[in-house]
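>>> quick one: sequence and predicted model below, then my questions.
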Amino acid sequence: MKKIIFVLIISFISFQGKSQKFEFDFMSSSLDETILKDHQYIKAHFLGNDVAKKVKLIDLAYKWEDPPTPTRSTPLIKIEKQPIYFALKKVISPKYYKKKIKANAITKDQAIEQIIEILDIALMIRYQDTDEFENVLRNLETGDEVVDVFKNKIELLYF
């Protein structure tokens, strides 16, 4: 009997963890694209120029270069909030949406709208407390899971 109660309590706790929503502040200032005027080259994306700009903003927000030192002749690329960045890479990859579009699971316009929404959220949460959110992202293996978390488990608070 004790084992059954223990299993029920554990399953209830794990269910609560999976159904939790993450609340982040809406920050329109983080979506400003004026920084891109300083960058001559923005890598093309098959979903279009708007997506390519957002991907570049993600790279600028989450990656930075540690300059060379006397003991290291090349710069190091540092990535802040790695679970978020690498989860985004699963859906930024052209392979993910090409497969979805080819299978008629989503149209190209829906894919563009979806990825821009996900990238906007990632840009807005960059400077917020995301420790619990990062823990959830660490356990995701597919792009579908990443999309589900970004679309259904995040609530933006407008103030």
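Thanks, I have it.

>>> got any ranges where this protein has weak pLDDT?
Within the chain, the set of residues satisfying pLDDT under 70 comprises 1-19.

>>> the strands in it, which residues?
For the chain, applying DSSP state E gives strands covering 22-25, 63-66, 76-79, 154-157.

>>> center of the protein, which residue is that?
residue 88 (3.8 Å; C-alpha atoms, centre = their mean).

>>> hang on, that residue packs against residue 57?
No: look at residue 88 against residue 57 with C-beta atoms under 8 Å: they stay out of range, at 11.3 Å. Any C-beta I mention is one placed from the backbone N, CA and C, and that applies to glycine too.

>>> now the common contact residues for those two.
The contact sets of residue 88 and residue 57 overlap at residue 119 (C-beta atoms under 8 Å, 6 or more residues apart in numbering).

>>> residue 137: what's it in contact with?
Each residue near residue 137 by C-beta under 8 Å, 6+ apart is listed here: 83, 84, 86, 87, 146, 149.

>>> redo that, cut-off 6 Å
83, 87 (C-beta atoms under 6 Å, 6 or more residues apart in numbering).

>>> I'd like to know how far residue 84 sits from residue 90.
Distance of residue 84 to residue 90, computed by C-beta to C-beta, to the nearest Å: 11 Å.

>>> compare neighbour counts for those two and give me the winner.
Ranked by neighbour count (other C-beta atoms under 10 Å), residue 84 and residue 90 place residue 84 first, with 24 against 18.

>>> circling back: got JSON lines for the strands of the chain, with mean neighbour count too?
What follows is the strands of the chain, written out as JSON lines (neighbours: other C-beta atoms under 10 Å):
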{"stretch": "strand 22-25", "mean neighbour count": "14"}
{"stretch": "strand 63-66", "mean neighbour count": "11"}
{"stretch": "strand 76-79", "mean neighbour count": "11"}
{"stretch": "strand 154-157", "mean neighbour count": "12"}
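
>>> how about these, which one is nearest residue 111?
Residue 111 lies closest, by C-beta to C-beta, to one member of these: strand 154-157, at 18.8 Å.

>>> who does that closest one pair up with?
If you go by DSSP bridges, strand 154-157 pairs up with strand 22-25 (parallel).

>>> in space, what's closest to residue 27 - neighbours in sequence excluded?
Leaving aside its sequence neighbours, residue 27 sits nearest to residue 124 (C-beta to C-beta, 6 or more residues apart in numbering; 4.8 Å).
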